[in-house]
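Visitor: Predicted structure and sequence below. I'll ask about it afterward.
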Amino acid sequence: MRATGRQRQRSDGVNTARTDGRGSLVLASLTGVLVLADGGLAALGLMVWNALRRGNLTGPEAATFTLLGASAAVGVVVLLLALIALARGARGRGVARFGATLAWLRMAGVITALMAIAVRLGASSVAGVFETSGAVVALADAVGALIVTGVAVRRSHHG
């Protein structure tokens, strides 16, 4: 804001307001919704794991959704770190960077685990509709966490 009380206008005509190091509660709230969604995906992975243990699913059928559940459990932690960083603003820079690092490690872990599943259990473990959907959702969820943590890093860096 200018001293006149009006917002500054960028060269492309969009009004901007300075946050002065304060966090964005709207972005933090939206990240909270993503935390709940990841919690739901983790619960789904747990249900698939239980179905595997009861003998209702085979190993190749359950592998990608078990990976999805484990990845989503890590995603809850990553997104909670992003939520904290977004709520703290410029003071959350270290938390945001740590969350982004974990998000990249999670992405590498998901890709490595999918390759290991395909090699160890065979191509059929990632080729069926059920199996492929689990793999796609696991990858999409990890990419979503990368985007959110990237926003948190940028928001905390610029205040």
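Guide: Okay, I see it.

Visitor: how many other residues sit next to the nearest residue to Phe98 once chain neighbours are set aside?
Guide: Among residues not flanking Phe98 along the chain, Leu81 sits closest, at 6.1 Å (CB to CB, 6 or more residues apart in numbering). To be clear about C-beta, it is placed using only N, CA and C from the backbone, and glycine gets the same treatment. Using other CB atoms under 10 Å, Leu81 has 26 neighbouring residues.

Visitor: Just confirm Leu81 contacts Thr101, I think it does.
Guide: No. Checked against CB atoms under 8 Å, the pair Leu81 and Thr101 is beyond contact range at 9.7 Å.

Visitor: State the mean pLDDT of the one helix or strand Arg106 maps to.
Guide: Arg106 is located in helix 93-121, with elements delineated by DSSP states H and E. The pLDDT scores in helix 93-121 average 96.

Visitor: and it, which residues are buried?
Guide: Buried residues in helix 93-121, defined by neighbour count with 16 or more other CB atoms under 10 Å: 93, 95-100, 102-104, 106-107, 110, 113-114, 117-118, 121.

Visitor: what residue ranges in the protein are flagged as low confidence?
Guide: 1-22, 158-159 (pLDDT under 70).

Visitor: the strands in it, which residues?
Guide: 8-9, 15-16 (DSSP state E).

Visitor: Show me what stretch 28-37 is in contact with.
Guide: In this structure, residues lying in contact with stretch 28-37 by CB atoms under 8 Å, 6 or more residues apart in numbering are 76, 79-80, 82-83, 86-87, 144-145, 148, 152.
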